[in-house]
Every structure is written in C-alpha cells, then in structure tokens.
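Asks: Okay, here's the prediction I keep looking at, along with the sequence it came from:
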Amino acid sequence: MERKVALITGVTGQDGSYLSEFLLDKGYEVHGIIRRSSVDYRERIAHLEGKQNFHLHFGDLGDSMSLVKVVGKVRPTEIYNLAAQSHVQVSFDSPEFTADVDATGVLRVLEAVRACGLEKECRIYQASTSELYGKVEEVPQNENTPFHPYSPYAVAKLYGFWIVKEYREAYDMFCCSGILFNHESERRGETFVTRKITLAAARISQGLQDKLYLGNLDSLRDWGYAKDYVECMWLILQNKKAEDFVIATGVQHSVREFVDYAFKHAGIQLEFRGEGLNEVGVCVGVTGNTNPELVGKTLVAVSEDFYRPTDVVNLWGDPTKARAKLGWNPSKTSFEDLVKIMVESDMAKVAAEGAAAKVRTNLAEYLEKGIVK
C-alpha cells in the first residue's frame, strides 16, 4: 500500500483543521506542527487529538532547526505550508515579524526538505494569497495576471511565491503555490472582517452589542468556503506536473453585501444610507425573535480607524485553470450559503455565551444573598 504521510504547518488554523479532516478521511497519516506558547490554541483540532493517525509536533517557521528535526522524523510524502502571520492589518504593525514568517519561513520549509534528502520524495504545497495582486492591474485575476503587492503581508507572501517557483526550477522539486482568494468559515479567526461581521450580527440581534464599526464597505472580494478550498490544495499535489493555481469562486461581492446577508440571516433587515465615512446601516425591519426595538436604529457605521494605509479594493479570482486541469468545483457552497453557515454558527455561539453569563450572574447574586454557599 502506498505510504501517504502529510505534514501540515498552521494545523491549528481554519484551513489546517479542515485539511486535517479531509486528509484523514483520505487515509493519510497526518502530522501537524504547533508552536510552543503560553496560550494553547487547539480548539479547532481538539476533536482530532487522540485519533490513531493524527500526530502533533512542536516547531516554528522562525526556527529552521525545529523544522529539520520534524521533517526528518516524519519523512512526509506531502507538506502543506499553511502557517503564516495572515492578517493584513497586523502586517503594517509588525512588518518584520511578518517577513520572517511569511517570507523566510517558506525558505526554511524548502531547505528542511532538502536537508533531509526528501526533495525527490516529498511534494510541497505553499499557501499563497490573492493579496499578491494588491493594486489590481486587471479583473478578474488569473495565474498570468501581474502581481502588485500592496501591504507588508503581500510583499512577504510574494517572496514565498517566488522562492517556491525558484526551488521548483533549480532543484526539480515538486513544490507549488495555491493563490488563495478570500475563504471563510465558522472557524475563521474573530479578528477577520467576515467573522467580525457575523459575530456582530448575532450579538446585536440578541441584545449583546449596540453597533458594528467597519472600514471600506465598497471593497470587493471573491469569498469562498474554506472547507471546499482544502480539497483544491490536495488536488494541486495530486497533479502530474507541479504548477501554481488560482483558488477562487469566480464570483465577487462587496463588504456591504456580506453585511447585508449576515444581518438578514440574524433576523435584521438593513438599509444603507449616505456615502463614504458617513454611510450607515439602519435597521428597517426584524424577523423571528429579534427585538423590534432595533427598528430605526443605526446598527452599522463606517470608521476611519479601520481603513488600511494602502487598501486592496477589487479582488476577483478566475478559477478556470483549477476547474479544467484539476476537476475542482469552486461552486459547491454559494456566497449566500457561506454567510448563512457562519451566522447560524455564531448565533448558537452567542446564545450559549449569553446563557453561561446569565448563570454566572445568578450564581453571584445567590452567593451575595447567602442563598448558596
């Protein structure tokens, strides 16, 4: 039987958790790299720990020796490098850290494979990004569209893209990049704008938040479901030839549309009024159990604080190559269904948090009154 061993960096993230599930279902032995930290972020993979073919190792993209040790021990047949400082706004605040992880970190992975003598045995997938196109030069963007990175994150990721291409040509290694357009899920980090929106919609509808503040509502993105995208990552490494692929839906929406759908699924109908920094989203109707007192209130507002020093406003991917060469279907989950999945998950999460908070409050009152000891 063919040996199938995958090593995933960034295994605790949104994509890493979905990819782990996908590969385990395919019969892989899956190994993940996690960082030593004072805070343990394993909630996305907690349900996988203890499974026979799922293993975790300590390592860091900033530490080449740790990568060499893990690669040498596991001797993977496939590596998926998903680890990164992946927040665009954070990259403006921490550009040096972003460069070390997102640029040099890719080089360290490639060199670890070479140091362990696995360059002919191990296939490598690099998680690249649509942010490479940055200040967009053509719409939609495909594998031949010129790059114009527009943030420290994008510049670092561009190095990662080119060093993978260089090692493919210089050393005949099977290494390639998936140029991932925005892909979201109920496991998305809470600091990302889509999750910020769905959580706010849930909290506002349940009376736990007053208003949502956002940046540029006109920004256009190609949003897909992360659970669908990990299949394309795997297909890229099953291809006969090492090539780079755009991973996208081919459908574009604005941040405003995302907000509108999210609030609608949370039982709130919005009407957007004004322009630019003065634009607001006003509640004009509610459904279900949503508080009718929200009608007439401004629930969404624009804040200059959330504008980036340089903003990418028009990302739109063309998945034609992935569809034709890999047989990948980018339309499994529609934009509307994606937003619905995220909102329903966050509605349940917020309800559970609210119930737990109520229990704590009641207990504190009982203790104070001496009802319980």
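Replies: All right, it came through fine.
Asks: Please enumerate the helices of the stretch 51-200 of the chain.
Replies: For the stretch 51-200 of the chain, the helices defined by DSSP state H, counting those that start in this stretch occupy 64-74, 88-93, 95-99, 105-115, 152-171, 193-205.
Asks: how far out from the middle of the chain is the shortest one?
Replies: In other words, helix 95-99. Centroid separation between helix 95-99 and its chain, computed with CA atoms, centre = their mean, to the nearest Å, is 19 Å.
Asks: tell me which residues of it are tucked away?
Replies: Using 16 or more other CB atoms under 10 Å as the test for burial, helix 95-99 gives 95, 98-99. From N, CA and C alone the C-beta is placed, and that goes for glycine too.
Asks: same check, this time on the longest one
Replies: Along helix 152-171, the positions that meet the burial threshold by neighbour count (16+ other CB under 10 Å) are 152-161, 163-165, 167-168.
Asks: Relative to residue 83, how far out is residue 100?
Replies: Distance, residue 100 to residue 83, using CB to CB, to the nearest Å: 12 Å.
Asks: Which of the buried residues of helix 152-171 sits closest to residue 236?
Replies: residue 164 (11.7 Å; CB to CB).
Asks: in terms of contact, does that closest one touch residue 175 like I think?
Replies: Yes: taking CB atoms under 8 Å as the definition, residue 164 is a contact partner of residue 175 at 5.0 Å.
Asks: okay, and the common contacts of the two?
Replies: Jointly contacting residue 164 and residue 175 under the rule CB atoms under 8 Å, 6 or more residues apart in numbering are 110, 124, 126.
Asks: wouldn't the first one be in contact with residue 173 here?
Replies: Yes: between residue 110 and residue 173 a contact is recorded at 7.3 Å, counting by CB under 8 Å.
Asks: Overlap in contacts, those two.
Replies: Shared contacts of residue 110 and residue 173 (CB under 8 Å, 6+ apart): 124, 167.
Asks: Neighbour count: the two, which is higher?
Replies: Set side by side, residue 110 and residue 173 show unequal neighbour counts under other CB atoms under 10 Å, the larger going to residue 110 at 25 against 21.
Asks: rewinding a little: looking at the buried residues of helix 152-171, which is nearest residue 183?
Replies: The closest of these, once distances to residue 183 are taken by CB to CB, is residue 157, at 14.9 Å.
Asks: separation between that closest one and residue 295?
Replies: 44 Å.
Asks: what residues are up against the residue nearest to residue 317 when sequence neighbours are not counted?
Replies: Among residues not flanking residue 317 along the chain, residue 248 sits closest, at 2.3 Å (CB to CB, 6 or more residues apart in numbering). Listed by CB under 8 Å, 6+ apart, the contact partners of residue 248 are 130, 140, 180-181, 222, 224, 316-319, 330.
Asks: right, and residue 207 touches residue 292 too?
Replies: No: Residue 207 is beyond contact range of residue 292, at 11.9 Å (criterion: CB under 8 Å).
Asks: of the two, who's got more company?
Replies: residue 207 (13 against 9).
Asks: Quick check: closest non-adjacent residue to the more buried one.
Replies: residue 291 (6.0 Å).
Asks: I figured residue 9 was touching residue 76, is that so?
Replies: No: at 10.9 Å, residue 9 does not count as touching residue 76 under the criterion of CB under 8 Å.
Asks: quick check, nearest of the buried residues of helix 95-99 to residue 118?
Replies: Nearest to residue 118 out of these is residue 99 (CB to CB; 26.2 Å).
Asks: Assess the claim that that closest one and residue 158 are in contact.
Replies: No: if you go by CB under 8 Å, residue 99 and residue 158 don't touch, sitting 10.9 Å apart.
Asks: count of residues packed around residue 275?
Replies: The burial count for residue 275: 10, using other CB under 10 Å.
Asks: Quick check: the gap between it and residue 312.
Replies: Residue 275 sits 20 Å away from residue 312, going by CB to CB.
Asks: same thing with residue 18?
Replies: Distance from residue 18 to residue 312, by CB to CB: 25 Å.
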